[in-house]
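K.L.:
Can you look at this prediction? I've put the sequence above it.
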Amino acid sequence: MKKILISLLLFVFAFSAYAMAGDLYFGLSAPLTGDYAQYGEVFKKGVELALEEFNEKGGLNGTKIKLIAMDSKGDPKEAANIAQKFVMDKRIIAEIGDFTSTCCLAAAPIYQRAGLVQLSPTSSHPDFTKQGDYMFRNIVTQEAEGPYIAAYAYKDLGKKRAAVIYIQNDWGIVAKDNFIKGFKKLGGTIVAEEKFNPGTKDYTNILTKIKGKNPDIIYIAMMYSEAALLAKQMKKLGMDVPLIGTGALYSPKLIELGGDAVEGLYCTSSFYPYSDNPVVKSFVEKYKAKYGQIPNMFAAQAYDAAGLLLAALKSINGKITRKKVKEALEAIKDYPGVTGLTTFDKNHNVKKQLTKLVVKNGDFVEFKK
Amino acid sequence: MFGQQIVNGLALGLTYSLTAIGFTLIFGVLGLINFAHGEVYMMGAFIAFTLVAFLGVNYFVAFLLAIAFSGLMGYFLELIAFRPLRNAIPEATLIATLGVSTFLKEFANIIWGPEVHTINTPFLSSSFALGGIQISVIQIVILIVSVLLMWGLQLILYKTKTGYAIRAISQDMGASYLMGVNVDNTIAMTFVIGSALGGAAGVLMGTYYGAFYPTMGYMPGLKAFVAMVLGGLTSIPGAVIGGIILGISETLAGAYISAGVQDAISFLILILILLFFPQGLSGKKRSA
């Protein structure tokens, strides 16, 4: 027994010594199983593609950057556990994740205390980056996206009576609040406000309720897989009201799942794969070659998050420390990502140009008035 | 609007009922809460999905095959995971059901991937208005199929030898054995029937919502458990009524209070029933 213990200790020691001398790691905290697994999966794909490209080009002066991915299951408790593991692991120099704002917020104090960057590709809750100076995000906050969508509905589409359906989590609540604020400011009326719990697949009762209120547009703060179900159920109920929502709806999967029920759905996105931008074109091609599918917004966001960290690493002089990674991120100016030029402001938020999209003939196209 | 909500709730409730029957049968015979039941529901749904989406099988043929497959799966689950534990402490079997549940979920995750899948059934998802109430074809299918399956189950239980054996074992396993009932086969049959019904419910729900995904059995599994308790644990008509009550009250709670408390309502019902009707609404006193 003693022998085994000693050899185990030796092994651990040898392994950590080896690791210290060797490669550097990013930690990825994302829902790889459970209800949000489909989003975590593309997160991982996006990050892995970015790292592969980087390492193929020689890495960081010969040092390879590798990934340790852990499964948060979309559960804030798990996200906090992962944060504990990552901050203890000295090989990890920065963390990417999590997917939901709820998970990011739960893990934030741990990363902040330890001084490890948490860069979330998708957390758009305004409070996230207020948790400390080691929190970064690579997506516009709902404070910016909400009013933008409100203007899309009110000014571009000429809708005046909106109903709101939102998922009852940190992101859903703040997304609908900002939309409502923006829509009312423009002079619109909110005729109904309905929430549902994460995991709900049956929206018929809230839809039936909303039907009676006669809205001319329905704003939905939910993910694309939920939106596809909702659109199908609307069709079954004989409701013909257009839907509008955030970039969370933008995925080819929405159309695959929703079919003709999502025809005419409006959304915004920070990423559009058919853009003429050469950076986007090359990313879409490589992603398609590697995974056999067109990347969605979540893959693009994760790809850019990894790209931002890699750019930061490159700019560091001398020994790489967690603190230097944070400072290098702050110093980045106009990083040319696939989701647009990225610069972190003093609150570690980003401004990005959003594209207005609409589903037409079974495809997302740019909205033109 | 109220009529519409009742229709919505009834469709939901009937599939809870179908799922709850499987639960109830197995509980009645073995006194075992089968936590893998929700995953059998999911597997049934995925089999139908695979047949329709990848092999181009006709929907109704796929539905029947999925039911057969679920039954077969029930048989093997019993054989591999539960029969070896028949004489172990009850907790061991309970934990085995949790193990099977996790295994099947991860299995589906690997085979079909974590994302939501769908099949296109234009005819089934079309709908028509009837006196101001919008009814979809799939809702009618759910109604007809549920009634047929429940009627078939009653026939099996009351008109066949296997049915007599199942009922005998649920009353007293030891005595049935002494009377010459083939206990092993009968328990296996119970799993086959229960799982087939669970699988059928899975296919119907997957089609109804247009969503097939590895965790789809979790919530309905819990809801079916509530429906079973509501119906008094061992009563099949009780489970049916329990499922319908649950489906309708959930839908109405979502419509008139808030969909945010919808799930809380079903578990609130569970607590109230346990407090005030510990034998369920139609249950008889069970001897310990």
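P.N.:
Arrived safely, thanks for sending.

K.L.:
Spell out which residues belonging to the stretch 1-150 of chain A are near chain B, please.
P.N.:
A:32-35, A:37-38, A:40-41 (CB under 8 Å from any CB of the partner chain). C-beta coordinates here come from the backbone N, C-alpha and C atoms, glycine included.

K.L.:
In contact with whatever residue of chain A ends up closest to chain B, which residues?
P.N.:
Residue nearest to chain B within chain A: A:Ala37 (2.9 Å; CB to the nearest CB). Residues near A:Ala37 by CB atoms under 8 Å, 6 or more residues apart in numbering or on different chains: A:31, B:109, B:114-115, B:214.

K.L.:
Kindly recompute the last result at 6 Å.
P.N.:
Contact analysis of A:Ala37 by CB atoms under 6 Å, 6 or more residues apart in numbering or on different chains lists A:31, B:114.

K.L.:
what's the neighbour count on B:Met216?
P.N.:
Applying other CB atoms under 10 Å in any protein chain shown, we find 26 residues neighbouring B:Met216.

K.L.:
Confirm it sits in a strand?
P.N.:
No. Checked against DSSP: H, G, I helix; E, B strand; the rest coil, B:Met216 lies outside a strand; its state is coil.

K.L.:
Where does the prediction get shaky in chain B?
P.N.:
For chain B, residues meeting the criterion pLDDT under 70 lie at B:281-288.

K.L.:
What are the boundaries of the helices in it?
P.N.:
B:2-30, B:37-55, B:59-77, B:90-112, B:122-125, B:137-159, B:161-171, B:173-178, B:183-209, B:218-230, B:236-256, B:262-276 (DSSP state H).

K.L.:
Out of the ones you listed, which gets nearest to A:Asn55?
P.N.:
Minimum separation from A:Asn55 across these (CB to CB) falls at helix B:90-112, 27.3 Å.

K.L.:
Find the closest residue to chain A in chain B.
P.N.:
Counting by CB to the nearest CB, chain B gets nearest chain A through B:Pro114, at 2.9 Å.

K.L.:
In space, what's closest to that residue - neighbours in sequence excluded?
P.N.:
Distances taken as CB to CB, 6 or more residues apart in numbering or on different chains put A:Ala37 closest to B:Pro114, at 2.9 Å, once the chain neighbours are dropped.

K.L.:
Could you tell me the model confidence score at that neighbour?
P.N.:
At A:Ala37, the pLDDT value in this model is 86.

K.L.:
how near is it to B:Ala108?
P.N.:
Separation of A:Ala37 from B:Ala108 (CB to CB, to the nearest Å): 11 Å.

K.L.:
thinking again about what came up before, so which of the residues of the stretch 1-150 of chain A next to chain B is the most crowded?
P.N.:
When neighbours are taken as other CB under 10 Å, the top entry among those is A:Gly40 (28 neighbours).

K.L.:
Name the next helix or strand downstream of the helix or strand encompassing that one, please.
P.N.:
Counting by DSSP states H and E, the element that carries A:Gly40 is helix A:37-56. Going down the chain from helix A:37-56, the next helix or strand is strand A:65-71, by DSSP H and E.

K.L.:
So in that sheet, which strands flank that next one, and in what orientation?
P.N.:
In the sheet, strand A:65-71 lines up against strand A:24-30 (parallel) (DSSP bridges).

K.L.:
the strands in the stretch 201-350 of chain A, which residues?
P.N.:
A:217-221, A:243-245, A:266-269, A:335-337, A:340-342 (DSSP state E, counting those that start in this stretch).

K.L.:
strands paired with the fourth one, and their directions?
P.N.:
It refers to strand A:335-337. If you go by DSSP bridges, strand A:335-337 pairs up with strand A:340-342 (antiparallel).

K.L.:
now the partner strand, how far from the centre of its chain.
P.N.:
15 Å (CA atoms, centre = their mean, to the nearest Å).

K.L.:
so after that strand, what's the next helix or strand?
P.N.:
According to DSSP H and E, the helix or strand after strand A:340-342 is strand A:355-360.

K.L.:
list the helices and strands that following strand packs on?
P.N.:
strand A:266-269 (3 or more CB pairs under 6 Å, 6 or more residues apart in numbering or on different chains; DSSP states H and E).

K.L.:
Tell me the buried residues in the strand it packs on?
P.N.:
Neighbour-count burial for strand A:266-269 flags A:266-269 (criterion: 16 or more other CB atoms under 10 Å in any protein chain shown).

K.L.:
could I get those residues as JSON lines with pLDDT and distance to chain B?
P.N.:
Below are those laid out as JSON lines (pLDDT from 0 to 100; distance: CB to the nearest CB, whole Å):
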{"residue": "A:Tyr266", "pLDDT": "96", "distance to chain B": "21"}
{"residue": "A:Cys267", "pLDDT": "94", "distance to chain B": "18"}
{"residue": "A:Thr268", "pLDDT": "92", "distance to chain B": "22"}
{"residue": "A:Ser269", "pLDDT": "90", "distance to chain B": "19"}
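
K.L.:
which parts of the stretch 101-250 of chain B sit against chain A?
P.N.:
B:114-116, B:118, B:125, B:127, B:134, B:136, B:209-211, B:215 (CB under 6 Å from any CB of the partner chain).

K.L.:
Which one (most neighbours) among these?
P.N.:
Ranking those using other CB under 10 Å puts B:Gly210 first, with 27 neighbours.

K.L.:
Would you mind confirming that that one is in contact with B:Thr118?
P.N.:
Yes. At 4.7 Å, B:Gly210 counts as touching B:Thr118 under the criterion of CB atoms under 6 Å.

K.L.:
Ranking helices and strands of chain A by mean pLDDT, which lands last?
P.N.:
Scoring the helices and strands of chain A by mean pLDDT, DSSP states H and E places helix A:2-21 at the bottom, with a mean of 54.
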